[in-house]
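Undergrad: Everything below, folded, please.
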Amino acid sequence: MRVMLLTLFLGLMVHAQAQQPSSMQQSDVAYRQSQYEMAEEGYRTALQKDATNSDAAFNLGNALYRQKKYKESLTYFEVASKNGSPQQRARAHYNQGVVYSRQKDLERSIAAYKATLRLTPDDTQARENLQKALRELKRQQQEQRSQPKPQPARYSQQEAEQRLRQLQEKEKQLQQKLNRQQRGSSMEKDW
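TA: Numbering: from 1, shown residues only. From the prediction side, this is the model:
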């Protein structure tokens with residue numbers, strides 16, 4: 001009898017838990033409703049239960065990105081890019097590329113898009129974004145080459161001030177010498 005009651009109780013517990021939406025499901029609903037802070041909390045909870053949950057990591061990265069927490073989102077895209085299925089790893093690399101492009105880190109952006117294309121060679125968006133990033137990097141490099149490089153300062157501020165004082169002293173000495181010569185020439189002897 002006890003065994004039957006225990007079995008019935010456990011069955012009801014499992015059924016009750018199945019009825020309650022998981023933190024992931026609640027977070028997904030919050031994300032779809034643009035409640036990114038709430039979604040973030042749920043995804044963090046899911047990751048606390050299972051640190052290798054690539055779905056939670058990927059979704060948390062997206063929620064953080066939507067909140068403009070770009071640097072932190074990269075951390076979770078990195079987790080998803082290591083633990084997920086090939087398709088999910090490709091999506092995580094793609095999102096990393098987007099974040100790096102937004103941060104103007106074109107070299108990393110290009111590397112992320114290339115990683116995406118290695119996993120999903122027919123991803124046209126990744127290919128287009130890769131081309132945009134390559135063009136932008138090339139434009140920046142040409143711009144840097146065409147700008148004249150500023151000449152490095154030859155003297156520190158202190159050295160420059162010291163040299164200025166020396167020059168002023170020399171000028172003062174020259175002025176005194178000229179004044180003496182002019183006074184000496186005005187006192188010429190009258191023969």
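
Undergrad: Please count neighbours and contacts with C-alpha atoms only from this point.
TA: Fine.

Undergrad: so which strand or helix has L137?
TA: helix 124-146 (DSSP states H and E).

Undergrad: In that helix, which residues are buried?
TA: Using 16 or more other Cα atoms under 10 Å as the test for burial, helix 124-146 gives 126-127, 129-130, 133-134, 137.

Undergrad: can I get the residues you listed in CSV with distance to S73?
TA: As requested, these are arranged in CSV below (distance: Cα to Cα, whole Å):
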residue, distance to S73
A126, 19
R127, 22
N129, 19
L130, 20
A133, 20
L134, 23
L137, 23
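
Undergrad: helices and strands around the helix holding L137, which ones?
TA: Judged by 3 or more Cα pairs under 8 Å, 6 or more residues apart in numbering; DSSP states H and E, the packing partners of helix 124-146 are helix 106-119.

Undergrad: helices or strands up against the helix it packs on?
TA: In terms of contacts (3+ Cα pairs under 8 Å, 6+ apart), helix 106-119 is packed against helix 86-102, helix 124-146.

Undergrad: got a list of contacts for the shortest one?
TA: Going back to what we said before, that points to helix 86-102. With Cα atoms under 8 Å, 6 or more residues apart in numbering as the test, helix 86-102 has contacts from 58, 65, 70, 74, 77-78, 80-83, 106, 108-113, 115-117, 119-120, 126, 133.

Undergrad: Which residue, other than its chain neighbours, is closest to E107?
TA: L137 (7.8 Å; Cα to Cα, 6 or more residues apart in numbering).

Undergrad: ok, that neighbour touching D105?
TA: No - taking Cα atoms under 8 Å as the definition, L137 is not a contact partner of D105, at 9.3 Å.

Undergrad: list the contacts for N83?
TA: 52-54, 89.

Undergrad: measure it to A51 for me?
TA: Using Cα to Cα, to the nearest Å, N83 is found at 10 Å from A51.

Undergrad: can you check K177 too?
TA: Counting by Cα to Cα, the gap from K177 to A51 is 84 Å.

Undergrad: P121: helix or strand, and which one exactly?
TA: Applying DSSP H and E, one finds P121 in no helix or strand.

Undergrad: Next one: it, what pLDDT does it get?
TA: For P121, the pLDDT comes out at 96.

Undergrad: do the same with V98
TA: So V98 comes in at 96 (pLDDT).

Undergrad: if we can go back for a sec, just the ones of the contacts of N83 in helices?
TA: 54, 89 (DSSP state H).
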